[in-house]
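A.B. asks: build me a model from this:
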Amino acid sequence: MNEKKVLLFGSNGLVGSSVKELFEKDKNVELIAATRDDADLFNYDSTKNIIEDNKPNIIINSAAKVGGIYANNKYRTTFLLDNLKININILEACINFPNIKIINLGSSCIYPLDATTPIKESSLLDGKLEETNSPYAIAKIAGIELGRSLHSQFGHEVINLMPTNLYGPRDNFSDLNSHVIPGLIQRIHNAKIEKNKNVEIWGSGKPLREFLYVNDLADAIKFIINNNVRDELINIGSGEEITIKDLANLICEVIGYNGSLLFDSSMPDGNPRKLLDSSKINSLGWKAKTKLKDGLEKTYKWYVENFS
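C.D. replies: Residues are numbered from 1 along each chain as shown. A predicted model of the protein is given here:
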């Protein structure tokens, strides 16, 4: 038996597919990449059965219902219930397996709207959440608290990773329901193909955001496992921030679109600034490698190859 037997949930998603690609190259890892066909994470018995049948010593939970500001705000009940069910079923199913190390993927939206920037892990539950995605954030916070409770009561080792805004291949490229980068890529690409003179961008363009290429997150997960890092909450960020306006212009450059950008200030901006303090994992020896423009070029190449 291999030293590391890893059960990966959400293996077809943005994060899961990158983790799968990276771990499949590691001869010291036996990877079970679970899909929706293998386990229904909305069903406790189905979730428990796949854990019992495979007996992993590490679980990586990258399964989640995700979306951008519009989707999070419009489908609030769905985002809250779906993400609560996934987290609760996986963590409850692990109660009888205290030797399983659980790596749970969270989100930087768990932090308060007015948290001091760069945002430290200690800012959790220290203020009011940003309103548009608070249901999703509350579901993720509940997962963190359940992980803490498992550790306290049953001795489980649960590590919650809080990545900044992610992007990369296999993202959800939707006009309405995607995160900012895939949404901008789709809109600007379509404007170029249709030869439109301008493209509408939601919001004022003023908010500052930090972005992390998804392969860097996969690399951070592998680093944490290989170095036996033990900490209940770890930020994973790039340390670089950019305004949405400058991001949109950079995507125009990558795509080769020369039209004008029209910003619709009637649409919500969300948090005015969000930059994580990733000094904890940086001090252990891990840092993000992918520059934003390089990551955007890789992401757009994948998009063109798969959607054009």
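A.B. asks: need the strands for the stretch 1-150 of the chain, in chain order.
C.D. replies: Under the criterion DSSP state E, counting those that start in this stretch, strands of the stretch 1-150 of the chain are mapped to 4-9, 29-33, 58-61, 101-105.
A.B. asks: nearest to Leu41, of those strands?
C.D. replies: strand 4-9 (6.5 Å; Cβ to Cβ). Backbone N, C-alpha and C define where each C-beta goes, glycine included.
A.B. asks: for the closest one, packing partners?
C.D. replies: helix 14-23, strand 29-33, helix 44-54, strand 58-61 (3 or more Cβ pairs under 8 Å, 6 or more residues apart in numbering; DSSP states H and E).
A.B. asks: and the strands in the stretch 151-300 of the chain?
C.D. replies: Under DSSP E, counting those that start in this stretch, the stretch 151-300 of the chain gives strands at 157-163, 165-167, 198-202, 208-213, 233-236, 241-243, 260-264, 273-274.
A.B. asks: which one of the ones you listed lies nearest to Lys65?
C.D. replies: Closest to Lys65 of those is strand 165-167 (Cβ to Cβ; 14.7 Å).
A.B. asks: for the strands of the stretch 151-300 of the chain, which one sits closest to Leu296?
C.D. replies: So among those, strand 165-167 is nearest, using Cβ to Cβ, at 7.7 Å.
A.B. asks: the closest one pairs with which strands, parallel or anti?
C.D. replies: strand 208-213 (parallel) (DSSP bridges).
A.B. asks: picking up where we left off before, mean pLDDT lowest where, among the strands of the stretch 151-300 of the chain?
C.D. replies: Note on these: lowest mean pLDDT is at strand 273-274, with a mean of 90.
A.B. asks: which helices and strands does that strand pack with?
C.D. replies: Using 3+ Cβ pairs under 8 Å, 6+ apart, strand 273-274 sits against strand 208-213.
A.B. asks: circling back: could you say which of the strands of the stretch 1-150 of the chain is packed most deeply?
C.D. replies: strand 58-61 (a mean of 25; mean count of other Cβ atoms under 10 Å).
A.B. asks: mind listing residues that contact that strand?
C.D. replies: 4-10, 16, 19, 51, 86-87, 90, 94, 100-105, 221, 225 (Cβ atoms under 8 Å, 6 or more residues apart in numbering).
A.B. asks: ok so, going back, need the strands of the stretch 151-300 of the chain in a markdown table (columns: mean neighbour count and distance to Gly183).
C.D. replies: What follows is these, written out as a markdown table (neighbours: other Cβ atoms under 10 Å; distance: least, Cβ to Cβ, whole Å):
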| stretch | mean neighbour count | distance to Gly183 |
| --- | --- | --- |
| strand 157-163 | 22 | 18 |
| strand 165-167 | 21 | 10 |
| strand 198-202 | 17 | 8 |
| strand 208-213 | 23 | 13 |
| strand 233-236 | 23 | 22 |
| strand 241-243 | 17 | 16 |
| strand 260-264 | 14 | 13 |
| strand 273-274 | 19 | 17 |
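A.B. asks: make CSV out of those strands and add distance to Pro56.
C.D. replies: Shown next, in CSV, are the strands of the stretch 151-300 of the chain (distance: least, Cβ to Cβ, whole Å):
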stretch, distance to Pro56
strand 157-163, 13
strand 165-167, 24
strand 198-202, 41
strand 208-213, 26
strand 233-236, 21
strand 241-243, 36
strand 260-264, 46
strand 273-274, 33
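A.B. asks: nearest to Asp37, of those?
C.D. replies: Between the strands of the stretch 151-300 of the chain, strand 165-167 lies closest to Asp37; by Cβ to Cβ that is 24.4 Å.
A.B. asks: residues contacting that closest one, please?
C.D. replies: Residues contacting strand 165-167 (Cβ under 8 Å, 6+ apart): 14-15, 108, 179-182, 209-214, 217, 274, 295-296, 299.
A.B. asks: hmm, try it at 10 Å
C.D. replies: 14-15, 18, 66, 68, 105, 107-109, 178-182, 184-185, 209-214, 216-217, 236-238, 274, 276, 292, 295-296, 298-299 (Cβ atoms under 10 Å, 6 or more residues apart in numbering).
A.B. asks: over to stretch 14-22?
C.D. replies: With Cβ under 10 Å, 6+ apart, stretch 14-22 has contacts from 6, 8-13, 29, 31, 33-35, 60-64, 66, 103, 105, 161, 163, 166-172, 179, 182, 213-219, 221-222.
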